[in-house]
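> generate a structure from the sequence data that follows.
(one chain, ligands or ions: 1)
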Amino acid sequence: MQNAIEVKNLKVVFPDRGRMIRAVEGVDLTVKKGECLALVGESGCGKSMTSLSCMKLQPSLAAVRLDQLCICGEDVTDYTDRQMQALRGSKISMIFQDALTALNPVMTIGKQMDEIYRCHEKISKKEAKMRSIKALKAVGIPDAELRYHAFPHELSGGMRQRVLIAMAFACEPEVIIADEPTTALDVTIQAQILELLSKMQKEKQTALLLITHDLSVVRSMADRIAVMYSGKIVEEAPAKELLENPLHPYTKGLMAAVARLDDDKKEFVQIPGHLPDPADKPAGCYFHPRCPYAATACKKAMPLLTQNQQGRKVRCYEAGKFKE
Ligand SMILES: Nc1ncnc2c1ncn2[C@@H]1O[C@H](COP(=O)(O)OP(=O)(O)OP(=O)(O)O)[C@@H](O)[C@H]1O
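The predicted structure follows:
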């Protein structure tokens, strides 16, 4: 089966006052057609840089190296920005976390939606307006005909996020990247927006790369989960397997830090310490200074991301050896 996104050996570095920030270090990522892959990890671990690089949208200061990038079977490794522009919106699109920044504040919602349709298809203004209103209705915007004429600041945060979702799905792309799509919203609205995103993704069979720092968010949505720590993937598995039996000590820590509303016996446990300085990472496994199971080998060399006998991928010398 053709993959929606396939990136091989992605590296992103930033020069920073004479130092080198290693934001992403040799990430391989595959999002299969129609599936939801959640990329999870603490703030600063490199999730956004990974996802932006998949669209070739990284900040101009960043130096990006990769062996190969394929979008829906098309090898775009050497595509120019102009070539990528033709793909963005039609084959791949993005939902950002802050709708107020992502939307143009001086243009009505309707105009911004119309532009997407008219940019990718030769259709009349009238046809674009009809499609925009239909798309706004599909994401649950009440009085869509009226809201079509509204400016972004005239809508609530939840409504704006619904507009971004409508825009992302507008040209029926094969893959969508959603970077923390609900972080800027209050908790009651977050669940509604995630439900909408999940419903649209399933209905349209769109592949989704969902970026989040919150494992509870992925519980209901992800088919597979990749866990990132300090620029590297440390564990990757089908969602159910990973959530029921996390193998990497960092994934275990993330799980323990998730408050489970349905399990009042579980305690809220924070992972001690913090991510290493991205310009001064420790020798060996980057997680070893925070790891309760760290052995001598962990302090010496970075473990590889290897597949165990059960087909689970994990980057840890001690995985499977430690007891609860
Ligand atoms: N424009 C930039 N200049 C310098 N360093 C940057 C820049 N953008 C990101 N970084 C660094 O790259 C690393 C990875 O950042 P990234 O935004 O990908 O992390 P993240 O996991 O998405 O975090 P968050 O959840 O907070 O967005 C961090 O150490 C960050 O400080």
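> dump the residue contacts of the residue in the stretch 101-250 of the chain that the ligand sits nearest to.
Residue nearest to the ligand within the stretch 101-250 of the chain: His213 (5.3 Å; CB to the nearest ligand atom). For glycine as for every other residue, the C-beta is placed from the backbone atoms N, C-alpha and C. Each residue near His213 by CB atoms under 8 Å, 6 or more residues apart in numbering is listed here: 40-43, 47, 180.
> what about those residues, which are in strands?
Among these, the ones falling in strands (DSSP state E) are Val40.
> what's the offset of whichever strand or helix holds Arg162 from the middle of its chain?
Applying DSSP states H and E as the criterion places Arg162 in helix 157-169. Relative to the chain's own centre, helix 157-169 is displaced by 16 Å; criterion: CA atoms, centre = their mean, to the nearest Å.
> which strand or helix spans the residue of the stretch 201-324 of the chain found nearest the ligand?
Relative to the ligand, the nearest point of the stretch 201-324 of the chain is Pro278 (3.9 Å; CB to the nearest ligand atom). Using DSSP H and E, Pro278 sits in no helix or strand.
> same thing with Leu61?
Going by DSSP H and E, Leu61 is not in any helix or strand.
> ok, now which ones touch the closest residue to Glu241 other than its chain neighbours?
In space, and not counting its chain neighbours, Glu241 is closest to Arg312: 6.8 Å by CB to CB, 6 or more residues apart in numbering. Going by CB under 8 Å, 6+ apart, Arg312 touches 235, 237, 241, 247.
> only C-alpha atoms, please: export the lowest-mean-pLDDT helix or strand in the chain in CSV.
The helix or strand of the chain with the poorest confidence is helix 215-218; it has a mean of 80 (mean pLDDT, DSSP states H and E). In CSV, the C-alpha atoms belonging to helix 215-218 read as follows (Å, rounded to 0.1, in the frame of the first residue of the first chain):
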residue,chain,number,x,y,z
LEU,A,215,-1.2,10.9,25.4
SER,A,216,-4.8,11.1,26.6
VAL,A,217,-5.6,13.0,23.3
VAL,A,218,-4.3,10.1,21.2
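> residues in contact with that helix: which ones?
38, 40, 182, 190, 194, 210, 212, 225, 239, 243, 254-255, 258-260.
> what's the closest of those residues to Glu203?
Closest approach between those and Glu203, by CB to CB: Leu194, at 14.9 Å.
> so how far is the strand or helix carrying that closest one off the chain centroid?
Assessed by DSSP H and E, Leu194 sits inside helix 187-204. With CA atoms, centre = their mean as the basis, helix 187-204 stands 15 Å off its chain's centre.
> any idea which helix or strand comes after it?
As the chain continues past helix 187-204, the following element, by DSSP H and E, is strand 207-212.
> listing partners with orientation, what would you give for that following strand?
strand 36-40 (parallel), strand 175-179 (parallel) (DSSP bridges).
> okay, those in CSV with distance to the ligand and mean neighbour count next?
Formatted as CSV, the strands paired with strand 207-212 follow (distance: least, CB to the nearest ligand atom, whole Å; neighbours: other CB atoms under 10 Å):
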stretch, distance to the ligand, mean neighbour count
strand 36-40, 9, 25
strand 175-179, 7, 25
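> let me have those in JSON lines, extended by distance to Ala4 and mean pLDDT.
JSON lines is the format used below for those (distance: least, CB to CB, whole Å; pLDDT from 0 to 100):
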{"stretch": "strand 36-40", "distance to Ala4": "9", "mean pLDDT": "96"}
{"stretch": "strand 175-179", "distance to Ala4": "4", "mean pLDDT": "95"}
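> just send those strands back as TSV, with distance to Ala138 too.
Below are the strands paired with strand 207-212 laid out as TSV (distance: least, CB to CB, whole Å):
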stretch	distance to Ala138
strand 36-40	19
strand 175-179	15
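> figure out which of these is closest to Gly320.
That would be strand 36-40 among those, by CB to CB, at 20.8 Å.
> is any residue of the least confident helix or strand of the chain near the ligand?
No - for helix 215-218, no contact with the ligand is found by CB under 6 Å from any ligand atom; the gap never falls below 12.4 Å.
> got the CA positions of whatever helix or strand comes next after that helix in PDB?
Using DSSP H and E, the helix or strand that follows helix 215-218 towards the C-terminus is strand 224-229. Output of strand 224-229 as PDB, limited to C-alpha atoms (Å, rounded to 0.1, in the frame of the first residue of the first chain):
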ATOM      1  CA  ARG A 224      -0.200   4.100  15.700                       C
ATOM      2  CA  ILE A 225       1.900   6.200  18.000                       C
ATOM      3  CA  ALA A 226       5.500   7.400  17.600                       C
ATOM      4  CA  VAL A 227       7.100   8.800  20.800                       C
ATOM      5  CA  MET A 228       9.800  11.400  20.400                       C
ATOM      6  CA  TYR A 229      12.500  12.400  22.900                       C
END
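> so what are the sheet partners of strand 224-229 and their directions?
strand 36-40 (parallel), strand 232-238 (antiparallel).
> circling back to that earlier point, quick one: the residue of the stretch 201-324 of the chain closest to the ligand and Ser230 touch, right?
Yes - Pro278 is within contact range of Ser230, at 7.0 Å (criterion: CB atoms under 8 Å).
> wait, what's in contact with the residue nearest the centre of the chain?
Centroid-nearest residue in the chain, with CA atoms, centre = their mean: Ile211, separated by 2.3 Å. Counting by CB under 8 Å, 6+ apart, Ile211 makes contact with 38-39, 47-48, 51, 177-180.
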